[in-house]
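[1] predicted model, plus sequence, below.
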Number of protein chains: 2
Amino acid sequence: MVINKKYKIQTACFLSMLFFNICWAQQPADFVNPFIGTSNFGATFPGPIAPRGMASISPFNVSGPQNRPLEKDSQWLSNPYVNENTFLTGFSQVNLSGVGCPELGVILLMPTTGEVEVDHLKYGSTYSNEVAKAAYYSVNIDKYKVKGEFTASKRVGVNKFTFPKGKSNILLNLGVGLTNEEGAMVKVVSATEIEGMRSVGSFCYNSPEDAYPVYFVAKFSKPADNFGVWKKPAKYNGVESQWMGYNGKARMMENTIKTVVGDSIGSYFTYKFDKEEIVEVKIGISYVSIENARENLEKETGTKSFDAIYKETYNEWNKELSKITVEGDSKDDKTIFYTALYHTLIHPNTLNDFNGEFPEIKRSKIGKTTATRYTVFSLWDTYRNLHQLMSFVYPKQQSDMVTSMLEMYDENGWLPKWELNSTETFTMVGDPASIVIADTYLKGIRDFDVDKAYQAMLKGADQIKNNPLRPGLKDYIEKGYLTTENKGPVSTTQEYNISDYSISLLADALGKKADSKRFKERSLSYRKLFDKNLKLLRPRTADGKWYEPFDPASGANFEENVGFIEGNAWQYNFMVPHDIKGLKKLMGGEKAFSNQLQKIFDSKQFDMANEPDIANPYLFNYVKGEEYKAQEMVKKLVREYFKNEPKGLPGNDDTGTMSAWLVYSMMGIYPVSPGDPIYTITTPIFDRITIKLDPQYYKKESIVIEKEVNSDGKIKAIQLDGITLNSYFISHEDLVNGKILKVIQN
Amino acid sequence: MVINKKYKIQTACFLSMLFFNICWAQQPADFVNPFIGTSNFGATFPGPIAPRGMASISPFNVSGPQNRPLEKDSQWLSNPYVNENTFLTGFSQVNLSGVGCPELGVILLMPTTGEVEVDHLKYGSTYSNEVAKAAYYSVNIDKYKVKGEFTASKRVGVNKFTFPKGKSNILLNLGVGLTNEEGAMVKVVSATEIEGMRSVGSFCYNSPEDAYPVYFVAKFSKPADNFGVWKKPAKYNGVESQWMGYNGKARMMENTIKTVVGDSIGSYFTYKFDKEEIVEVKIGISYVSIENARENLEKETGTKSFDAIYKETYNEWNKELSKITVEGDSKDDKTIFYTALYHTLIHPNTLNDFNGEFPEIKRSKIGKTTATRYTVFSLWDTYRNLHQLMSFVYPKQQSDMVTSMLEMYDENGWLPKWELNSTETFTMVGDPASIVIADTYLKGIRDFDVDKAYQAMLKGADQIKNNPLRPGLKDYIEKGYLTTENKGPVSTTQEYNISDYSISLLADALGKKADSKRFKERSLSYRKLFDKNLKLLRPRTADGKWYEPFDPASGANFEENVGFIEGNAWQYNFMVPHDIKGLKKLMGGEKAFSNQLQKIFDSKQFDMANEPDIANPYLFNYVKGEEYKAQEMVKKLVREYFKNEPKGLPGNDDTGTMSAWLVYSMMGIYPVSPGDPIYTITTPIFDRITIKLDPQYYKKESIVIEKEVNSDGKIKAIQLDGITLNSYFISHEDLVNGKILKVIQN
């Protein structure tokens, strides 16, 4: 029986503290639970951020032995906040969401009371009563009985502290932070303003020479009764130390407006309150200059109140999230869905200032844009599904992201690989930008310079010498694969294959037949690494022999190994989404393919926490009669790994890639072959999903995906506008030109 | 026989390299030899500075083991340049002259050739062919075959490098420096401009919390072909260091315009020259902001050439030095005289920017002046003679200095003690500002707020609690002396006595009879420390007993001791210039006084290298019939300690105090009792000295001091305008209202 929930609006009633009943219709933004992913290394943060915002606020609780084992200096830790931890040392004003390396998590604001104490190990506190919502976070800081509330506009973090009567302080700590970098500058401009910068960078302990500044201006709603700066210099060991009574000691510099630089510095504002008082602190951020940070602050937030800014950002979130309406009974399902969608709308994020300025790649110039310059392209992750989701639901954003990538090519001579605030971190492998751009173009989003894009792709694919994007390219072109002299030779060969396939598809669309053929051929070269005995891909040495000894299981759980990057032979075995047909043949036909695929799950080699194999469950759709396995497996994985709780992500969100997987999986479609504008279909989790389409790019106003539940069984038929599909695949073009995609179960 | 040299102009002829004879009239500025004081701890520097300039350039050769033992990190060393050293690591753009503690000596510019090397121990070089003149310094840098030439305007250092053909570099090193502080910021603005700041401070290893920034903008006459920034971060020791391949290593950041901060950073410009080429680098300095540094540069030097700036600054020097014309045969005498006068015109120096802005004391505010805000008041030194010389020859400067001191009182609540770039370093002891201000007023320079000055003096003299100027004041007022519970109780008592005497004189002039009497009485309290048996001043303990054991010789050569600051009982015994009559009485009359005074010299306790006893040779003028001893002793000391060579100063110049001693001594007069507007007279070294008087302050155009040499004997008579004086003393008023002071020898 089909229940039409088209016009049903879900309502929620809360009993307020004042015992009035307040009821309202729950909006998509109300289902966001920012705590999801704040445990189990999801690496998201619970604090506020605007959609694709530059500024964000996170409670910072990863410093200090009180937080061990999840303490930033005692292990590899990539998040400013861990849900299990208890010791809070501030609220960081710029943060990354769902990444695998420590970065940003700096400019820590912290309210305290009593005498000024600037050692975070001493001023830190436990906390309680955390509330996290889209665009809002609040917490009580136990030690000081201060309530902190937080919201943000795109480039401004807004902090609100309710202090008890007495002596109160707001510390701005520029020393402690999540990044590996150190170094900051600070200057108190007046009793209501602080300006400065903090060095960040060396993402994944790479490219230290590209470390870069994040500039800020902090405005306080109440003038400080007293202010100052502190600096703890490095301890000096030379002969002069005998005369330095102050050697290595923190210095308190009161009432000064001088510029102070150092690795361990900060500024404090102090107040004397004769009753409970509120202080709001707006912190404008810029990657260009202090002046721009100030302008961002003034233009975006001016004299607006905390509540007004919260409301605006909440509305922005709601507008974005309302692009997809899901219907169903489970509040948890809606929560994990909208939270996932929320997580896909954080990165890539805005890099340009309000006035359009941004640092170009390598920071040799300041560029200017009238659109949005995006940054944080974790493309090895996001090429698989996140950009496909953007092209579908947020095509203008995706178009601007492609334009941003092409600007990077102009600035740097190369498309991005893992771009972070205009540094190319060269983290991970492959040449994923080509896939993203081809995929975008082939989905009909074409308001970018495709000729330049194509030229950029060819450069990355063909330039053998001094090619930072594709190391090992000579072997790849000559032999068809990278040898064990390269990092992760098998998986990197697979990555290059997928990129080459995308290039061949784009070449075809652009009428470049010869290129199309050439790259199509190149894209199949992984086959040379297929060991027929093992039915697995296997590394070859420089002389063409199989690498010995070879343990296919080696490489699980991010263990370093000879053949594969962040994975093993099992996890990577099916990562040739463009040539499943060929893979089947290599494996000995449909059944052998299916068996081998099933074996991954049965032998617990499948890893939901990392990208190489996340399309695997969908690959059963390539085996006639076994599509139900895809349906079952996807549902099982959604239920097992994604939950409305802090550990409700399988691992690093990877700037929204895991979340995008969930969004697609809950909608019953998945972009199974990146670059290729197709989706494969499973059972949606929701009864009905309505996706609004952007009229600038699509003809139809929206597309509905509907589940007709006759029983809880397998899919019986799939219909587009009443016409039954003859496969479990649908082209992007067909989908966006349809009205209703109906998935009918047995 | 008297030789009238009134109209004689000395000429000098030099054989030029091109074998043309060039002859010109030597101007006072041509007699300046900036190498004087660059050895023997004189602590002057040979590079260019404008009169009372903020910017100055010094070759920097005190870093690196090559320079041991006179290497800055292996001992207490207070100068950026040591004449004996050989290893040059740059040219520092802000420097102090003749101080006893390491400070400034930062912003090192260094030309190199070949590949960029940023480690000063590796890029450093020997050097040759040094030339130093007023406003000019040049040197050949051996390793790179680069010639460096240097001049300066008031707030801008001007560097000129002649590079050979090939790859050349200009390094701006913000790491290594003379100061104890570390920390800098740098940003390449364009291929012709760098901006930034460097932390300095902790003068004499004091007041680290008052460390402060010096801002700069560097403009290059030729755009760099390439530029960059380097940073050597501190080595990290935590668990993350295993992932940091770059841990503690210097990073080269090419072609970047990002702001970089750190302790060991710098910027480099590189050029490729196909022939010998010149690059000029102008470096504007400010203690307020980068913007002001840029404005200083533009307003003072704009598009002016190196030669034009040199000429201007040379002319400024010549104008200042020409206030005194000396006549005599010895070129060396003129050289040591004009170089000494030059050294008295360096500090106090200009703090305010071209637009009048300056950091107020403690840097809580930016002040603004339409006059000159002076800084670097080493008052424990300079109260003795330097300010007296300024009042006499440069009264407008002295008036502005007093105004600056009163501004400090307004800003800080206290007159300065040892003020350095708007930090009160509280170095040394006593309350010397009162003496300087009273002395100035009593010399007839009165265009400052004397009521405020008087109020400030009273506060310093009377406020017992929380008085940073006069620690131990309670004991001093109650007992008449500081006890051994205080630092240097005897000498500090003497210092307070001298200050109190000055206050009593000023009180008298202002008609405040009661105050005058009170302070006159207070000024004599040193008498309670006079041990009649030893005929020396001696410390007393808190219970009033003589401190035991007591060794009057202990304390020589800056040795720490219980009674005295930087001296011993002998050296301080006569430092009661206001009560020589009383001292004579204590000692048992004229003869006993004279014997005791002579004993200091005979027993080699006299120290020409430090201030407490430098007036001693003049004290023979207080003993009838023994004035010839003053004449002999002063002449002996001038000849022994002051020479036209690098070690031609007796020790630290003490911001011109030793030089002022020489200037006065060579003119045959000395302000023997600070605060009291009198001079005592000995034989001038020169035949004739003409001192121009400032018509704004004095009625006469000039005063001439003339020596009538009948034989090489003792003074027979002293005449002012033909009238014989009845003593070896003359009041300031009489002197400046006379025409000729004639010293007639036997």
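    Now that the structure is in, tell me what you want to look at. Remember, it's a predicted structure, so these values are computed and weren't measured experimentally.

[2] so how many other residues sit close to residue A:721?
    Number of residues near residue A:721 (other CB atoms under 10 Å in any protein chain shown) recorded here: 13. Bear in mind the C-beta positions are built from the backbone N, C-alpha and C, glycine included.

[3] also the one 4 residues further on?
    The local packing of residue A:725 (other CB under 10 Å) involves 16 other residues.

[4] any idea how many residues pack against residue A:640?
    As a measure of burial, residue A:640 has 10 neighbours, counting by other CB under 10 Å.

[5] just the one 4 residues further on next, same as before
    Using other CB under 10 Å, residue A:644 has 17 neighbouring residues.

[6] check residue A:405 too.
    Residue A:405: 24 surrounding residues under other CB under 10 Å.

[7] ditto for the one 4 residues further on
    As a burial measure, the neighbour count of residue A:409 was computed by other CB under 10 Å and equals 22.

[8] with residue A:490 instead?
    As a burial measure, residue A:490 scores 32 neighbours (other CB under 10 Å).

[9] just the buried residues of the helix or strand containing it, please?
    For residue A:490, the host element (DSSP states H and E) is helix A:489-509. The neighbour-count criterion (16 or more other CB atoms under 10 Å in any protein chain shown) identifies A:489-508 as the buried residues of helix A:489-509.

[10] so residue A:341 belongs to a helix, correct?
    Yes. Judged by DSSP: H, G, I helix; E, B strand; the rest coil, residue A:341 forms part of a helix.

[11] residues in contact with the residue most central in space within chain A?
    Nearest to the mean C-alpha position of chain A, counting by CA atoms, centre = their mean, stands residue A:655 at 1.3 Å. Under the criterion of CB atoms under 8 Å, 6 or more residues apart in numbering or on different chains, the contact list for residue A:655 reads A:96-99, A:346-348, A:376, A:378, A:381-382, A:386.

[12] same list, the residues you listed, but as JSON lines with neighbour count please.
    Converted to JSON lines, the contacts of residue A:655 look like this (neighbours: other CB atoms under 10 Å in any protein chain shown):
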{"residue": "A:96", "neighbour count": "30"}
{"residue": "A:97", "neighbour count": "27"}
{"residue": "A:98", "neighbour count": "28"}
{"residue": "A:99", "neighbour count": "26"}
{"residue": "A:346", "neighbour count": "24"}
{"residue": "A:347", "neighbour count": "26"}
{"residue": "A:348", "neighbour count": "29"}
{"residue": "A:376", "neighbour count": "24"}
{"residue": "A:378", "neighbour count": "30"}
{"residue": "A:381", "neighbour count": "27"}
{"residue": "A:382", "neighbour count": "29"}
{"residue": "A:386", "neighbour count": "31"}
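
[13] adding pLDDT, secondary structure and distance to chain B, write the residues you listed out as TSV.
    Compiled in TSV, these are given as follows (pLDDT from 0 to 100; DSSP: H, G, I helix; E, B strand; the rest coil; distance: CB to the nearest CB, whole Å):
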residue	pLDDT	secondary structure	distance to chain B
A:96	98	coil	17
A:97	98	coil	21
A:98	97	coil	20
A:99	97	coil	15
A:346	98	coil	24
A:347	98	coil	22
A:348	98	coil	21
A:376	98	coil	18
A:378	97	strand	19
A:381	97	helix	20
A:382	98	helix	24
A:386	98	helix	27
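
[14] show me the two of those that sit farthest apart.
    Farthest-apart pair in the contacts of residue A:655 is A:96 and A:386; separation 14.8 Å (CB to CB).
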